[in-house]
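Chemist: need a structure here:
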Amino acid sequence: MARVALFACCLVIGAGGCGLGAPGYFDYSVPLSNGYHLFRTSAHTIVISRQASRHDTPLIPAKVVDYDFDDRFILAKRQRMQRRSERPNESYELPVPDAYDYWILDHSTESLYGPMSLDEYNEERKRLGVPWTIRLDVVRPSLMLVAAAFVAVTALLFFLRRRFGYRLRDGSSLR
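Modeler: As a prediction, the model looks like this:
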């Protein structure tokens, strides 16, 4: 039984723990509307753009922390970013704590409104007629974590079934 517990621990750590710093481990893409996607390519690079975008395609830059959409609009809350250092050869950016702006992308006109303060955002929502049923939701890598947990549990159950066999309620085995 100790071997089973050790195997389960190794499986969970291997599926979730060791890759936490690995490139691409928590990268994902979420389809939105009208060909737009939310792309997460690193912890701080979360953007909204088209799958195959041209240089003139509207883009909501990193770091998108909240979003919602319908067939006409995409709403986003973005945490502002700043360069880690002033050295000219370093372009890595980090989020600015408690500094947010808001964006609205209108599919009907391919117009992008932003960055805006919260008050400007609410006024623009009213002016554009954005339905109040569209609300901002927190962006999380929860789908990836759920999938990793599912794989880990499925593998554990498969291992236990192979090791101990599957027993029916009457005590007979399928082996």
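Chemist: CA only for contacts and neighbour counts going forward, please
Modeler: Fine.
Chemist: doesn't residue 75 make contact with residue 67?
Modeler: Yes - with contacts counted by CA atoms under 8 Å, residue 67 reaches residue 75, the gap being 5.4 Å.
Chemist: between these two, who's got more neighbours?
Modeler: Higher neighbour count among residue 67 and residue 75: residue 75, with 26 against 22, using other CA atoms under 10 Å.
Chemist: Please give me every residue in contact with the more buried one.
Modeler: With CA atoms under 8 Å, 6 or more residues apart in numbering as the criterion, the residues that contact residue 75 are 67, 68, 69, 102, 103, 104, 105, 134, 135, 136.
Chemist: Would you quantify the distance from the last one to residue 33?
Modeler: Distance of residue 136 to residue 33, computed by CA to CA, to the nearest Å: 15 Å.
Chemist: Mind checking which of the contacts of residue 75 land in helices?
Modeler: Counting by DSSP state H, no part of the contacts of residue 75 is found in helices.
Chemist: which stretches of this protein have low pLDDT?
Modeler: The model of the chain has pLDDT under 70 over residues 1-25, 53, 137-149, 160, 163-175.
Chemist: If we use 80, what do you get?
Modeler: Low-confidence segments of the chain (pLDDT under 80): 1-26, 51-57, 137-175.
Chemist: ok, back up a step: overlap in contacts, residue 67 and residue 75.
Modeler: 135, 136.
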